[in-house]
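Asks: Here is my input, please return the structure:
(one chain, ligands or ions: 2)
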Amino acid sequence: MGRGRVRLKTPGQTGSLSALSVLAGAAAAGPDPWHGRARLLGNGAGCVSLTDYCERPLSSGAETMAPPQGPRAPLEFGGPMGAAALMLLLPATVFHLLLAARSGPARLLGPPASLPGLGALWNPRALLLWLAWLGLQTALYLLPARKVAKGLELKDKSRLRYPINGFQALVLTALLVGLGMSAGLPLGALPEMLLPLAFVATLTAFIFSLFLYLKAQVAPVSALAPGGNSGNPIYDFFLGRELNPRICSFDFKYFCELRPGLIGWVLINLALLVKEAELRGSPSLAMWLVNGFQLLYVGDALWHEEAVLTTMDITHDGFGFMLAFGDIAWVPFTYSLQAQFLLHHPQPLGLPMAAIICLINAIGYYIFRGANSQKNTFRKNPSDPRVAGLETISTATGRQLLVSGWWGMVRHPNYLGDLIMALAWSLPCGVSHLLPYFYLLYFTALLVHREARDERQCLQKYGLAWQEYCRRVPYRIMPYIY
Ligand SMILES: NC(=O)C1=CN([C@@H]2O[C@H](COP(=O)(O)OP(=O)(O)OC[C@H]3O[C@@H](n4cnc5c(N)ncnc54)[C@H](OP(=O)(O)O)[C@@H]3O)[C@@H](O)[C@H]2O)C=CC1
Ligand SMILES: CC(C)=CCC[C@@H](C)[C@H]1CC=C2C3=C(CC[C@@]21C)[C@@]1(C)CC[C@H](O)C(C)(C)[C@@H]1CC3
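Replies: Ligands and ions are numbered 1, 2, ... in the order given. The predicted structure is shown next:
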């Protein structure tokens with residue numbers, strides 16, 4: 001393996017930096033960061049730095065097939081203890097939020113007014129409804145797709161194929177629900193079933209994760225994820241061992257990431273709106289706003305479904321309890337918290353304030369969509385006229401990093417837009433309670449943590465070029481603040 005050179009294109013000059021062996025490894029490895037390992041430390045620009053250039057010889061054919069995570073690889077989320085704690089804490093949080101939203105004081109912190117018995121959690125009708133929902137979304141996933149997209153190249157050089165029919169699934173679900181309602185389907189009864197539904201969703205997540213863990217025992221080594229293969233069963237169960245678990249062409253992770261949870265979230269929101277109309281004659285303005293904003297977010301995700309194929313969830317993380325529970329239980333039951341809160345705690349909202357909140361959501365969406373689309377367009381075709389004029393940094397992998405446009409403002413402009421939208425989703429709930437701001441608080445923590453994980457991966461992928469990017473764009477998410 002020879003030495004690699006990283007070319008750094010800066011405005012008005014084109015220079016090149018000598019890179020050490022880890023970068024040569026990165027160049028040879030292409031988009032797969034796991035062929036070269038480096039020790040990462042913080043530096044003044046808020047960016048991790050490369051101080052130990054190579055801990056082991058780089059990329060050989062045999063290594064590609066070796067287990068991706070050695071016993072000395074650093075564990076995330078506090079290791080097995082952290083994973084075990086999260087597996088208790090996350091479901092407990094879902095139930096706490098569901099109970100708090102319907103309680104009088106609606107306290108985010110502190111114990112709920114009353115604890116539910118098993119009778120309130122277990123309901124066979126909820127189980128049937130949940131299975132019917134999963135069955136419907138599976139059937140819609142299997143319908144012919146307008147397009148079949150290819151994912152990124154895997155370790156064995158293959159590329160998986162994914163149906164692009166998520167938006168079609170959303171529209172067909174809406175049609176079916178509309179038809180059902182006109183035939184007398186009591187959608188307004190759904191809010192009463194949220195607790196038992198969350199219970200069966202959580203049970204499903206545990207059972208499903210066990211299936212995924214066992215399935216990974218017989219998966220080829222090349223199918224395993226970079227993390228989640230520490231040898232500790234608790235940690236690996238939590239993080240997920242297999243990168244893209246499939247049965248035939250049915251991709252479990254891709255399906256769960258965008259279908260039952262995300263579409264379920266807007267269905268729960270709609271049911272809360274219908275229930276509010278039943279109780280108070282018409283839905284409140286605040287409820288309309290929350291429903292509208294979140295429908296836009298989910299519709300956008302499904303419309304740009306192909307973009308999810310390049311997120312770290314699909315390309316890097318294994319599929320285990322964290323994502324399975326996150327996708328099918330956490331998202332629908334906690335992301336609908338604002339609408340749940342509004343049903344039980346109606347909030348007055350005047351038109352001027354509503355207009356300001358709409359503006360905040362529009363600004364957030366503009367940044368979120370602009371940044372995501374700019375990167376996706378650039379990654380698909382850097383010569384596309386919409387991005388061809390942007391400044392870039394070349395990297396040893398042959399890929400380039402954008403250093404102007406949205407990605408020259410902060411290193412994660414899409415997170416900034418997402419956070420601004422999160423604020424707009426909570427504001428219709430007023431400022432009397434902290435509970436509806438849970439999403440904003442949790443999401444800030446999630447994105448700060450995610451950003452740190454992504455930076456580590458980018459440094460491993462791009463080495464000195466990433467350091468140069470951090471120097472040129474010093475702020476991570478919020479200009480001049482963070
Ligand atoms: N609502 C929710 O619960 C959640 C929403 N999200 C949203 O999902 C979206 C995707 O997020 P996520 O997958 O975390 O990460 P990003 O979409 O931000 O992707 C990060 C990747 O982008 C590439 N990249 C980084 N900087 C540059 C640059 N300057 N030029 C070109 N490419 C660059 C790198 O990959 P490479 O170079 O390999 O292309 C990097 O690994 C975000 O909008 C986020 O807000 C995320 C988590 C939860
Ligand atoms: C606390 C806990 C259980 C964490 C698990 C995290 C998951 C809830 C999130 C990880 C990444 C996600 C993404 C979306 C939803 C939340 C999870 C699954 C997403 C589908 C939301 C819509 C966006 O437009 C998106 C497609 C970019 C996004 C992808 C990441």
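Asks: What strand or helix carries the residue most central in space within the chain?
Replies: Closest to where the C-alpha atoms of the chain average out (CA atoms, centre = their mean) is Asp313, at 6.5 Å. Assigned by DSSP states H and E, Asp313 belongs to helix 312-315.
Asks: packing partners for that helix?
Replies: Packing contacts for helix 312-315, counted by 3 or more CB pairs under 8 Å, 6 or more residues apart in numbering; DSSP states H and E, involve helix 252-258, helix 438-462. Glycine gets a C-beta too; all of them are placed from N, C-alpha and C.
Asks: Would the helix or strand following it count as contacting ligand 1?
Replies: Taking DSSP H and E as the definition, the helix or strand that follows helix 312-315 towards the C-terminus is helix 321-325. No: contact between helix 321-325 and ligand 1 is absent, the nearest approach being 10.7 Å (criterion: CB under 6 Å from any ligand atom).
Asks: Other residues contacting helix 321-325?
Replies: With CB atoms under 8 Å, 6 or more residues apart in numbering as the contact definition, helix 321-325 has outside contacts at 77, 86-87, 90-91, 202, 205-206, 208-209, 212, 237-240, 253, 256-257, 313, 317.
Asks: Ligand 2 next: which of those are close?
Replies: When the contacts of helix 321-325 are checked against ligand 2 using CB under 6 Å from any ligand atom, the ones in range are 90, 257, 313.
Asks: For the first one, list the residues it contacts.
Replies: With contacts defined as CB under 8 Å, 6+ apart, Leu90 is in contact with 325, 330.
Asks: Equivalent analysis for the last one, please.
Replies: Counting by CB under 8 Å, 6+ apart, Asp313 makes contact with 253, 257, 323.
Asks: so how far is Leu390 from it?
Replies: When distances are taken as CB to CB, to the nearest Å, Asp313 and Leu390 turn out to be 26 Å apart.
Asks: just the first one next, same as before
Replies: Taking CB to CB as the measure, Leu90 falls 39 Å from Leu390.
Asks: what's the burial count for Ile363?
Replies: Counted with other CB atoms under 10 Å, the neighbours of Ile363 add up to 14.
Asks: would it count as being in a strand?
Replies: No: under DSSP: H, G, I helix; E, B strand; the rest coil, Ile363 sits outside any strand and is assigned helix.
Asks: Take the ones next to ligand 2 among the contacts of helix 321-325 and write them to JSON lines, including distance to Pro332 and pLDDT.
Replies: Converted to JSON lines, those look like this (distance: CB to CB, whole Å; pLDDT from 0 to 100):
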{"residue": "Leu90", "distance to Pro332": "14", "pLDDT": "97"}
{"residue": "Glu257", "distance to Pro332": "13", "pLDDT": "96"}
{"residue": "Asp313", "distance to Pro332": "17", "pLDDT": "92"}
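Asks: mind checking pLDDT for the residue of the stretch 101-250 of the chain found nearest ligand 1?
Replies: Using CB to the nearest ligand atom, the point where the stretch 101-250 of the chain gets nearest to ligand 1 is Leu152, with a distance of 8.0 Å. The predicted structure scores Leu152 at 84 on the pLDDT scale.
Asks: Output the below-cut-off pLDDT ranges for the stretch 51-200 of the chain.
Replies: For the stretch 51-200 of the chain, the stretches with pLDDT under 70 are 51-73.
Asks: For ligand 2, what is the nearest residue in it?
Replies: Proximity to ligand 2, evaluated over the stretch 51-200 of the chain using CB to the nearest ligand atom, is greatest for Leu90 at 5.1 Å.
Asks: what helix or strand does that residue sit in?
Replies: helix 79-102.
Asks: neighbouring contacts of the helix or strand just after that helix?
Replies: Per DSSP H and E, the first helix or strand lying C-terminal to helix 79-102 is helix 118-121. The list of residues contacting helix 118-121 from outside it, by CB under 8 Å, 6+ apart, reads 195-196, 199.
Asks: Can you check the residues you listed and name whichever has the most neighbours?
Replies: Each of those was scored by neighbour count (other CB under 10 Å); the top score is that of Phe199, with 25 neighbours.
Asks: mind checking the SS state of that one?
Replies: For Phe199, the assignment made with three-state DSSP gives helix.
Asks: Contact partners for it?
Replies: 95, 121-122, 126 are the contacts of Phe199 under CB under 8 Å, 6+ apart.
Asks: nearest spatial neighbour of the residue in the stretch 151-300 of the chain positioned nearest to ligand 2, skipping sequence neighbours?
Replies: With CB to the nearest ligand atom as the measure, the residue in the stretch 151-300 of the chain that lies nearest ligand 2 is Glu257; the distance is 5.4 Å. Using CB to CB, 6 or more residues apart in numbering and skipping the chain neighbours, the partner closest in space to Glu257 is Asp327 (5.5 Å).
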